[in-house]
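**Q** this is a predicted model, with the sequence first.
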Amino acid sequence: MTDPTPAAADPRLHTRFCDLVGVRHPIVQTGMGWVAGSRLTAATARAGGLGIIAAAPMTFDQMVTAIDEVRAATDEPFGVNLRSDAGDIDRRVEHLVTAEVRVASFAQAPDRRTVDTLKAAGVVVIPTIGARRHAEKVAEWGVDAVIAQGAEGGGHTGVVPTSLLIGQVLDAIDLPVIVAGGFTDGRGLAAALAWGADAVAMGTRFLLTSDSDVPDAIKAIYLATPVTGTVVTRAVDGAPQRVVATPMVERLERSRLSAFPRAALNALRFRNLTGTPMRDLLAEGLRMKRSGNLTWGQVAMAANAPMLTRAALVDGHPEVGILPTGQGVGSIHELPSCAELIGRTVAEAGAALDRLSGPRE
């Protein structure tokens, strides 16, 4: 089932990314934890973009249900975002293959074995990277494309601005590159294509649609946030993360001495929510410690981000949670549907290209 009024096709906006994953438009809705469920993903897919289910904070059964719900809502291709270090990653990969999911995306690079398994089954593999060297590494492993996220992006982010990162990545690899970080409209899409990118990925812009299940009161906070209203903090889980600057974030910054006990408690809460046994929690922590050269304190703090994000984006309590966001939040002022957003973005991009080179004949 496609959207009843899809935007008219513009050949200038048809890229190799569109051919790779089978979508009409070079627009990706990112797999935002606790946000990108089946409803948002299906709405994006119906409108001609690539919707991605955020399966990282889901149990295996919840992921299966979400995939089934998207399948029931649309025949269009979609993706699923996975944690490469999840204890049941093999089982999840097996299900994506069985369910014939078109795209597997990863916030952290999957290992070569996982890439090989997915590609052998015809699943498109797209990790997110934040530096040239990361792009080179995953390209060697045989991934199909990358999402290059600049520092303007929301949630966990790097330090290289999008405008600089895209050139470095394009110079390093010969793969479709989806650029993310600060994109909210068609002018941004046209700029990305002019840089040489094959698509744009947007998170906050899709969070702020009528198809998003984020509580209305939380959406109102986002809509009231200016471009100067975000901050990059390490107080959540030890890694840089861009969030809305709220009193809760200020308290986290002031209370670093109590970070470890709070994080340890959140680790247990997160594992309880996802149904992971204690032995798997400890085994996963050990894997994280070895692979990332982390202290046990940093391992425990890694659970802060999903728990504090859930408190705000699912439970609706920003006073005890965080609001991950891209810096482009300050340019968003309304809540269109995904169909309206994608149609408008495509039209704006076409108009921008007309201004540069003249209208199509």
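**A** Okay, I see it.
**Q** and the spatially closest residue to A55 that is not a sequence neighbour, what element?
**A** Ranked by Cβ to Cβ, 6 or more residues apart in numbering and with sequence neighbours excluded, the top spatial neighbour of A55 is M63, at 4.2 Å. For every residue, glycine as well, the C-beta is placed using N, CA and C. M63 belongs to helix 60-73 when elements are defined using DSSP states H and E.
**Q** for that helix, packing partners?
**A** helix 38-46, strand 50-54, helix 89-98 (3 or more Cβ pairs under 8 Å, 6 or more residues apart in numbering; DSSP states H and E).
**Q** deepest of these, which one?
**A** strand 50-54 (a mean of 29; mean count of other Cβ atoms under 10 Å).
**Q** state the mean pLDDT of it.
**A** The average pLDDT within strand 50-54 is 98.
**Q** that strand pairs with which strands?
**A** Strand 50-54 has its sheet partners listed here by DSSP bridges as strand 27-29 (parallel), strand 79-82 (parallel).
**Q** residues in contact with the last one?
**A** Read that as strand 79-82. 21, 30-31, 36, 50-56, 63, 67, 89, 92-93, 96, 101-107, 110, 124, 126 (Cβ atoms under 8 Å, 6 or more residues apart in numbering).
**Q** the same query, at a cut-off of 6 Å, please.
**A** Strand 79-82 is contacted from outside by 31, 50, 52-56, 92, 96, 101, 103, 105-106, using Cβ atoms under 6 Å, 6 or more residues apart in numbering.
**Q** now those as CSV including distance to F183?
**A** Below are the contacts of strand 79-82 laid out as CSV (distance: Cβ to Cβ, whole Å):
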residue, distance to F183
G31, 16
L50, 14
I52, 15
I53, 20
A54, 18
A55, 23
A56, 22
R92, 28
L96, 27
V101, 24
V103, 19
S105, 17
F106, 20
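**Q** ok, which pair from those residues is furthest apart?
**A** With distances taken as Cβ to Cβ, the most widely separated pair in the contacts of strand 79-82 is L50 and R92, at 19.0 Å.
**Q** in this structure, which helix is the longest?
**A** helix 338-357 (DSSP state H).
**Q** could you dump it to CSV, C-alpha only?
**A** The C-alpha coordinates for helix 338-357 follow below in CSV (Å, rounded to 0.1, in the frame of the first residue of the first chain):
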residue,chain,number,x,y,z
CYS,A,338,5.1,12.0,7.3
ALA,A,339,3.3,12.2,3.9
GLU,A,340,3.1,15.9,4.1
LEU,A,341,6.7,16.3,5.3
ILE,A,342,8.2,14.1,2.6
GLY,A,343,6.1,15.6,-0.1
ARG,A,344,7.0,19.1,1.0
THR,A,345,10.7,18.2,1.3
VAL,A,346,10.8,16.8,-2.2
ALA,A,347,9.1,19.9,-3.6
GLU,A,348,11.4,22.3,-1.7
ALA,A,349,14.4,20.4,-3.0
GLY,A,350,13.2,20.6,-6.5
ALA,A,351,12.7,24.4,-6.2
ALA,A,352,16.1,24.8,-4.7
LEU,A,353,17.7,22.9,-7.7
ASP,A,354,15.6,25.1,-10.1
ARG,A,355,17.2,28.2,-8.6
LEU,A,356,20.7,26.7,-9.1
SER,A,357,20.4,25.4,-12.6
